[in-house]
Structures are given as structure tokens and as C-alpha cells.
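Asker: Generate coordinates for the sequence data below:
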Amino acid sequence: MTKKSKSKPMTQILERLCKFDYIDMVIFPEEVILEEPVEKWPLCDCLISFHSKGFPLDKAVEYAKLRNPLLINDLNMQYFIQDRREVYRILQEEGIDLPRYAVLNRDPDNPEECNLVEGEDQVEVNGEVFHKPFVEKPVCAEDHNVYIYYPTSAGGGSQRLFRKIGSRSSVYSPESSVRKTGSYIYEEFMPTDGTDVKVYTVGPDYAHAEARKSPALDGKVERDSEGKEIRYPVMLTAMEKLVARKVCLAFKQTVCGFDLLRANGHSFVCDVNGFSFVKNSMKYYDDCAKVLGNMVMRELAPQLHIPWSIPMEAEDIPIVPTTSGTMMELRCVIAIIRHGDRTPKQKMKMEVRHPLFFELFEKYGGYKTGKLKLKKPKQLQEVLDIARLLLVELGQHTDCEIEEKKSKLEQLKTVLEMYGHFSGINRKVQLTYLRNGKPKASSEEEDSKKDGPSLLLVLKWGGELTPAGRVQAEELGRAFRCMYPGAGNRRSLGCDSPIDFGDYAGFPGCGLLRLHSTYRHDLKIYASDEGRVQMTAAAFAKGLLALEGELTPILVQMVKSANMNGLLDSDSDSLTDCQQKVKARLHEIMQKDQDFTEEDYQKLAPTGSPSLVNSMKVIENPVKTCDKVYALIQSLTSQIRKRLEDPKSADLQLYHSETLELMLQRWSKLERDFRMKNGRYDISKIPDIYDCIKYDLQHNASLDLEDTRELFRLSRALADIVIPQEYGINRAEKLDIAQAYCVPLMKKIQLDLQRTHEDEAVNKLHPLYSRGVMSPGRHVRTRLYFTSESHVHSLLSIFRYGGLLNEEKDQQWKQAMDYLSAVTELNYMTQIVIMLYEDNNKDPSSEERFHVELHFSPGVKGCEDEETIPLGFGFRPASSENEDKKPNQGSLEDLSQDEPDQALQISDPINIQRRSPMIRNRKTGSMEVPDLYDRLYCILCPAGFEGCSMVPSIYPLETLHNSLSLKQVDEFLNSVCESNSEVQAKTMKGSQISLYSPQQPLSSSGSEASLRPPSQPLWRKCNDFRGIISVLTCFHCTKCFSRG
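Answerer: Residues are numbered from 1 along each chain as shown. The predicted structure is shown next:
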């Protein structure tokens, strides 16, 4: 108790109260409070009393009844604050938003008798179901052991929060089961993007708010050089101020702290702490003393009341150099990024007709859309049970009417039984309704086609993010910080902030970390529903924000992946008509047993892409090249079989816990599938062959198998034709297919660029506490979209062929298109980056007000990139406005050799040796801006890190264009989205609508209009905030995204 009454905040506030002429302060000695009867306690006119551990609240209540002083904080209500059930009841009665919750009361003598049903990924409390992630809080408010449970799809386990101990406030635990003793509140987990807001009221009309990193994120408490937790005051919205007033009045606590969760565009109260002060804020101490002093004087001597006001201060705007030499403010960064290195993807298709499959399809609502995706352990177990049952029946009755192929059923069973447990991240089953059965596609199919409906079952496995992929993503996140201003010498800016000299001091890209820690960074991370993509996003966030520990808590709190209705996901098994035709034409050309003719070059590479032409020259005769590839695969499987027969290889562990048996399985399947029964080759298997050999060359090179490099060379040449051309052969096809994949994402990008003015959902730094912090009231918006290869190919096609600029009239765009045509592969961690700047000196209605830059990186460097790799023009070279500054060729050098980078500090617990790449030669005319990606790491993983493997470096960003206006970009995005809508309208008008449409509506209303940006150019509307609000409201009513 003495510790509380003599704490620094209390002392600071009491000293200021003593300066009021008519107020005298008396602190009751602890021994008097504990030992003396209340009749002997000192007399007072006003009582400040609050419950803490060991405090006799009953005696304080008795004293208040005896002396009737003015109570700053009501004493009886402090009993309720000690019970979370009562706190939630009061909040609910006041109409204050709470997370959805249920109370589980247990009898201590019979803890088993309670209304709790626990499943693998959910709990049911009193009939209320909570899916993971959910929160488990003890009903006693003094018990700070709050647990958050994560779903198996994100890795499972739980985060265990506790009162801060040193620099930790939580730890990750693999335990996924809820506690079996004690009473708890179970509540829905709120996605807050890793930020908590603590609000401190002093009376109903004053509220101070501070944001901090959520203790559930990685459990590390960020402290400054003096060891104090780093927090920054933020602005409350009008609605939140009303909530603060309600909390203060409902609990009758003048001085009151409570916790806010900002999620999905709303604010929810999740805890009320009662009497608590802000720490280390002189401004708050001044304000608190003024409010309390005035309150006492108003009540006890109203004639002496003196009004007070808080002065407002102007804010500074940070500016950064653009490539044309002017100074602008960075407002928005949008990046579309492919996932990191993964294990080879594998797929098996089979047509099923057994009633058990149809029952499963109906059980999980497959008839609503004609499609069903099964990823949860329970669902996969049901599929496995069906496969086992049918195989047993086949074994007992060879003439039974089971139409499913036995070999396919056995493969289905084998794959689902792998690892001994299910994980939705690495296996999934898709079922598609076929009204008239599957049409005969190849000689592999049954000769006799069955009548009636069937289901196409597609089993997918593999494709997991590897340890190398995690390192790639985390390192790219670190490098990405250098995008943001303030990454250089921070002291020269005159900044005086704990971030400059605390945990982050010396980090590369400190400007981003400081921006984020002061809550002026509006960050949202989206990912498709594939596990490798989600884990890439989490690892990237870990590197970007200097987080620590496991990826699961970061994934759950920072990465949005649910209910995005096609934003980043695509059903690769449901091809458009155009794609079907393109694939058929591609297969026809690649099945010719003769050297490519001039006509073939025109047919296959009408755009004249150098990467395609070079690959065709390597191949010469496609069938003979496929013959060679097939022979090399046969040789490879033969070598693996011999290794298996060698006793020395019995316990050989390959990369990422793979065995020789599993390696043989994937190569044997490719051997079977690549060459069909009629002797022709299945060209669709070429990407899988290249995928596998690339993986084994990088990760399993220690096996030293013969001819793997030749197999890599030939399969790469074939893949360099097949993969990009599957997304369209000529320009019109490329654009048509790209729009089928990317229009929802293009609309979202347009909205991201449009919303350059802050709305009330973001955390705003309070200007009164921002000395030395540039632009406290303004934000940099970052939107990161992690996806798969199909979306990256499609988005790049839209920028290349959608008519953004005319190559003949714009020399920089022509150079960019030449560079992109020479890029052979969009490898792991490929990035497309859009940056928006604002020139505050220009008229708001001027085209020159907003400036857009477009950047690109082809991602990870390939296993054997030739010396003739394409040359870009560097990151942010001088724009065409500076005619005297001509950029030089040569930016994609080998980033693998240089002296160690002394400035880098390693924050991750794994002992990774980094070797900094060569700092590439600065292009003539390039701006002296932070060296984005000048430090990218070629990492050698030690043997303890799941096998020794060289992690390839990542190509630096190259600027495609650096002098676009926002008007240009907006009109381009409008035209792309509108042309797609017109095509869809014509298609719908000219064809009958099937019962099972592959296209899902973009909103609950079934209309695409809810996501369509306004036709009026946004560059004219940026100064009209009311005009933007209507668009945002329409956007937020959809189920596709949670605000932002």
C-alpha cells in the first residue's frame, strides 16, 4: 500500500495538488489503516481511496459512512471491479461494446460438473460456441493469467499472459487444452493488429489514451534506455470519448483505467482496472492535478473554481526526397508478395460416385456453391474413414459396386495417414460437383464413361513453407523497413524518443520501427488461405516489426486471411474458358516432334519476350526434350532406389524431415504421370518437375545424384515457356485471364490509394505529446498482400498489358517492359510495390499533388542463374524530369559476397550467420535515399536448423516507373475493373446461369458494386473527405474485409 501511495505518479500529482491555495494533503500511515479503528483515522473533507493487494476496503467503506467525505472514487463499486463477471455485467447494462463472451462458473468441490464441451478447435460454454482463437480469463480481476488459444490451422498452442516479469509479459505454450479447474470468462478473440489501447479517465470529461504493443504478440516488453515500457499517447475518437465517459460514470470512479481493443472498425472494452495513473507523462500529471483540484474546489468551495484548458500545438510534416528532386511526404506503401520457399506441391485427382462422398458433400454445405474445401482435422478424418471403408469393401468383395479406382483410394489413404496427425496447413481435399460426370480427358481415364452426377475429388499435399522460406520472409521484412523515411541518422532529425536509444537503436530501417512504435503506421497484412502464404506473411511481419518468438501468435493477430472472397485466393482447378483454350493450344504446340519453326515462334511467343525466345532456342524440339527429361527422371528414381537398398542410407534424413522413401514417392508419381499411356506427354506436369528438381538441387544436393543439373536445365527451359504462357499467350489472353484472377485485388488497391486521409479507426498520436516526433497526426498506410504465383503473374500482366502507359511515348516504361520481358521466373518472394507520395506545396486539386511509384523484384535468386540475367535500372533512379541524370545498366549483380555488415543487430533466437551482399553500385542520378535492399542476406543455416541449406539471396527492387500521377493510376484501375465488369455482364447475358456457379458474389448482397470504387477520379476527391466517406461505408458493409 505504501508503494502505491508513494509511487512516482502519485507523488507527482499530489505535489501539484498541494499548490492549490486551499488544499492540504494528508497521507494516512499504513499502520493506522491496518491497525487503528476508523474512528481514529485522520479527518478529511475529500477522500482518495482505492483497493490494492492487502488494503482493507471494508474499513474504508466504514470510514466513509462515518465521516461522509467527498469520494473521488466510489468505494462500494470497487468490490465489483474485483470480479470480471460484474465488470462485464455493468458494461453490458451501459450499452458499451464488449467482445462476445460467456461465463463458466465451476464449483470448486465439483470442477467436472460444468457446462463446458471442448473440441479440437472450439469450446462450447453454456451452449455458446467459441472457435479458436478465443480468450480465457479468470473471473477474479486480480488474477492476470489470461490465456489465448490458437487454431490448429495456425499451429495450435496457446499464449499465456501474466503480470510483467522483467521484459516479458507472455510466453507461447504448445498446450492447446483449456484449464480444467477454476471459473473463467471465455470470449471471442479480437484482431487488433498487435496493438492495445489503455485509457485513463480523470472525471467524465477527461481521458488520456496510450497505445502499446499487445502483450499477446510476442511477449517481449519494449523498454527505453531507462528500462521503462514504451508507450505513446494516442487520440481517442468521439465514440471512444463517450465510452470513457460512460465507464467513468457507471463505475463511479473519477480516476479510472480501462482497456480498449480496436478491431474491425469498432472499439471494445475488455477490462476495467479502477484507480490507475499514467506513468512518465508530465503533461498528464499537470492535467490530472488540475482536474482533481478543480473538482474538489467546485464541490467544496465552488466560488473559487478556476477554469482550465489544454493548449493545442501545430504539428510538423515529414518530407522525403522524390526521384525528381522535389520533397514529398510518403503516404502509402502497397506490396503484393509471393510466398517463400516451400516443399514441392503434389496433387491427385479422382472422380468419386459413392454415396458416402455425396453425404459428406451435403453435410458441409457443398450444394450451396457446388464446391467444398476440407482442411480441418475432423473433416480430413472423415475422408480418410471413407477411403479406409471402401478399401476394406474392395478387399472383401472384388465384384462390389465401388467405382472408385483402388490405386487412387490407396493413394488417398496413404497421403492422409502421413505424419500420423492432420494439419490443415499441409493437406486439403477439394470436392467439386459434376452434374453429368467428368468428361474423358485423356487415355488415363476409364474407357467407359458413367452417366449421372459425380464429384471430382482433388487431394493436395506438400507445399509447406520451409525453414529457408521462413528465413527469406523474415529477412525481406527486415530489408523492407528501409522503404520508410528516417532510416538514416535519427539524431540528426532532432528526435528525442526512447525508440532512438532503446531496444531498436542501431537497427537498420529504424525509421519504420519508430513510425510503428509511435502508432503513426497504419499497417494491415492480408494473406490467402494457404498455409505457406499465411506463414510467409507472419515471418515477414516478424522481421518488419522486430518481433520475437513463435509465428503462431503473430499469424493470428497480424495476418488477415478469412472471408476475403477471391481477394488473394483462386481456384486453380476451375479455369476460365480462355484459360482452357490457352492450355489446349499450348499443349498442341508442345506436342510437336520437330524443331520449333518460325510459325511456332509466332504462335508461342507473339509478344517477342526474350525469356520465351531464349527458352525455345534451348528446347529446339519439345518432344525430344521431354524424352530427355523423362529419361533423366527414370535415372533419378533408379538412383534413389539403389540408395534405399544401401544399409548406410537406412536412417538418412533429407531436408525438412523428408525421407528417401518420400522422395522416391514424389519422383515416381511424376514419372508415372508425365508420360501418358498413349506415349504423349502431359505438359501440365512440367511445372511440378521443375518444382521438384529445383527443391532437391537446393536442399538435397548432398545426395550428389547424377544428371540433376541437366534435368534442372531442361525442365527450367520447358517451365519458362509453360508457366507464364498458361496465363495467356497473346496480350488479349493475358489480360483476360489476369482480370479473372485479379479484379477484386485491383479494386482493393484502388481503395487503398484513395483513402489517403485518416479515418477514426487508426491510432493517432496525440500532438500534445509529440515533441520531436515528426507528423504526429498523420500516418503512413502500409498494405501488404501475400499470395501465390497466379496472382503475381496476373497482376503483373495487368500492369504490362492493361494500358497504364504507352511504351512508344514513355521511354522509362519501355525500358521497364523490356526488363520484365527478360525476367524468366517470378520466383519465391517476388514483389510488386506501389508507393504514394503527397506534395503538400501543390494545390489539392492539382495532378501534381500526388505522385505514384511502381517497383518490382523477381524474388529469390535461382539455383543457377546465368551470367546473362536481366539488368534493371536500380531502385528509384532519377526520373525523366532530370534529363541530365541518366541511370546506368546493371543492378542485378550477384548479391552474395561482401564484408560482414557490422551495423546489423540480430534479434531472432536462432543462431544464423549472415553474410551481407555486395552493396550494388549506386546508379548515376539515383537519389541518396535509404539503401532499400542494398543489404540483403545470403544466409547459411547451421546444421541444427533442420538441415544445412544455403538460403538464396533476393533480388533488389527495380523501379518500373517513378513519375506517375495518382490520376493516371486511378483512371487505369477504373478502366481495368470496368472492362472486366462489362465482359462479365455480356457473358452472363449470353449464357444460362448454372445451378453451381464457380464465381462467388463479392458481397452479401450478391452484387459486385459494393467493391467497385467510384467512377469519379479520386485525385479530385482527395480534398473532399465527405465524398470519400460514402465510398468507405459501402466498402465496409461487405463481408470481404475488416475495415482497411
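
Asker: what about Glu30, neighbour count?
Answerer: Applying other Cβ atoms under 10 Å, we find 14 residues neighbouring Glu30. Where C-beta positions appear, they are placed from N, C-alpha and C, glycine not excepted.

Asker: actually Ile554, sorry about that
Answerer: Neighbours of Ile554 using other Cβ under 10 Å come to 25.

Asker: How is the chain divided into domains?
Answerer: Annotated domains of the chain cover 1-71+280-310, 100-276, 342-465, 607-726 [the TED database].

Asker: Lowest average pLDDT across the ones you listed?
Answerer: The minimum mean pLDDT among these belongs to domain 342-465 (a mean of 81).

Asker: That one spans what distance, first to last residue?
Answerer: End-to-end distance for domain 342-465: 4 Å, by Cα to Cα, to the nearest Å.

Asker: my read: His791 touches Leu745, true?
Answerer: Yes: using Cβ atoms under 8 Å, His791 makes contact with Leu745 at a distance of 6.6 Å.

Asker: Give me the common contacts of the two.
Answerer: When contacts are counted by Cβ atoms under 8 Å, 6 or more residues apart in numbering, His791 and Leu745 have 336, 568 as shared neighbours.

Asker: And the two? Which one has more around it.
Answerer: Legend: neighbour count by other Cβ under 10 Å for His791 and Leu745, higher for His791 (24 against 21).

Asker: count of neighbours near Pro174?
Answerer: Applying other Cβ under 10 Å, I find that Pro174 has 10 neighbouring residues.

Asker: Sorry, wrong one. I was asking about Asn110.
Answerer: Neighbours of Asn110 under the rule other Cβ under 10 Å: 8.

Asker: Name the residues that touch stretch 529-538?
Answerer: 153-154, 337, 339-340, 342, 423-426, 463-465, 469-470, 473, 525-528, 551-552, 554-555, 558-559, 561-562, 568-569, 784, 786-788, 829.

Asker: ok, back up a step: take the domains of the chain and write them to TSV, including distance to Val582.
Answerer: Below are those laid out as TSV (distance: least, Cβ to Cβ, whole Å):
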stretch	distance to Val582
domain 1-71+280-310	63
domain 100-276	34
domain 342-465	16
domain 607-726	7
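
Asker: who wins for proximity to Glu588 among those?
Answerer: domain 607-726 (9.5 Å; Cβ to Cβ).

Asker: Any idea how far the closest one is from the middle of the chain?
Answerer: Chain-centre distance of domain 607-726: 33 Å, with Cα atoms, centre = their mean, to the nearest Å.

Asker: Between its first and last residues, how far does it reach?
Answerer: Taking Cα to Cα, domain 607-726 runs 14 Å from one end to the other.

Asker: now swap in stretch 523-539 and tell me
Answerer: Taking Cα to Cα, stretch 523-539 runs 15 Å from one end to the other.

Asker: Start the count at 899 instead of 1 going forward.
Answerer: In the new count, where the first residue is 899, that last one comes out as stretch 1421-1437.

Asker: can you give me the offset of it from its chain's centre?
Answerer: 4 Å.

Asker: for the stretch 1599-1748 of the chain, what spans make up the strands?
Answerer: Using DSSP state E, counting those that start in this stretch, the strands of the stretch 1599-1748 of the chain run over residues 1662-1663, 1678-1685, 1729-1736, 1748-1755.

Asker: Of all those, which one is nearest Ser947?
Answerer: strand 1662-1663 (34.2 Å).

Asker: average pLDDT for that closest one?
Answerer: Averaging pLDDT along strand 1662-1663 gives 52.

Asker: now do stretch 1720-1738
Answerer: On average, stretch 1720-1738 scores 92.

Asker: so which of the strands of the stretch 1599-1748 of the chain is the most packed in?
Answerer: Most buried of the strands of the stretch 1599-1748 of the chain, by mean neighbour count (mean count of other Cβ atoms under 10 Å): strand 1678-1685, with a mean of 25.

Asker: Mind giving me the packing neighbours of it?
Answerer: Where contact means 3 or more Cβ pairs under 8 Å, 6 or more residues apart in numbering; DSSP states H and E, strand 1678-1685 is packed against strand 1225-1236, strand 1419-1425, helix 1429-1442, helix 1629-1652.

Asker: Report the angle between it and helix 1629-1652.
Answerer: Between the axes of strand 1678-1685 and helix 1629-1652, defined by axes from the mean of the first three to the mean of the last three Cα atoms, to 10 degrees, the angle is 150 degrees.

Asker: Pairing partners for strand 1678-1685, with directions?
Answerer: As defined by DSSP bridges, the strand partners of strand 1678-1685 come to strand 1225-1236 (parallel), strand 1419-1425 (parallel).

Asker: Other residues contacting it?
Answerer: 1228-1237, 1382, 1413, 1418-1426, 1431-1432, 1434-1435, 1438, 1457, 1465-1466, 1643, 1646-1647, 1650, 1653-1654, 1942.

Asker: Stretch 935-952 too?
Answerer: Residues from elsewhere that reach stretch 935-952 (Cβ under 8 Å, 6+ apart): 899, 902, 924, 926, 930-931, 955, 957-958, 960-962, 964-965, 967-971, 973, 976, 979-980, 1040, 1153, 1172-1173, 1194, 1197-1198.

Asker: now, which of the residues you listed lie within helices?
Answerer: Applying DSSP state H to those, the entries found in helices are 902, 930-931, 955, 957-958, 960-962, 964-965, 976, 979, 1194, 1197-1198.

Asker: Mind checking which of those are buried?
Answerer: Buried members of these, counted by 16 or more other Cβ atoms under 10 Å: 931, 955, 957-958, 960-962, 976, 979, 1194.

Asker: Tell me the one among those nearest to Met1715.
Answerer: Minimum distance to Met1715 across these is 64.9 Å, recorded for Ile979 (Cβ to Cβ).

Asker: In contact with the closest one, which residues?
Answerer: For Ile979, the contacting residues are 949, 985, 1039, 1149, 1151, 1170-1172, by Cβ under 8 Å, 6+ apart.

Asker: Next: Gly1064.
Answerer: Taking Cβ under 8 Å, 6+ apart, one finds Val1119 in contact with Gly1064.

Asker: what about 10 Å?
Answerer: 1119, 1121, 1125 (Cβ atoms under 10 Å, 6 or more residues apart in numbering).

Asker: Of all the strands paired with strand 1678-1685, which one is nearest Ala1630?
Answerer: Closest to Ala1630 of the strands paired with strand 1678-1685, according to Cβ to Cβ: strand 1225-1236, at 23.0 Å.

Asker: end to end, how far does stretch 933-944 reach?
Answerer: Terminal-residue distance, stretch 933-944 (Cα to Cα): 22 Å.
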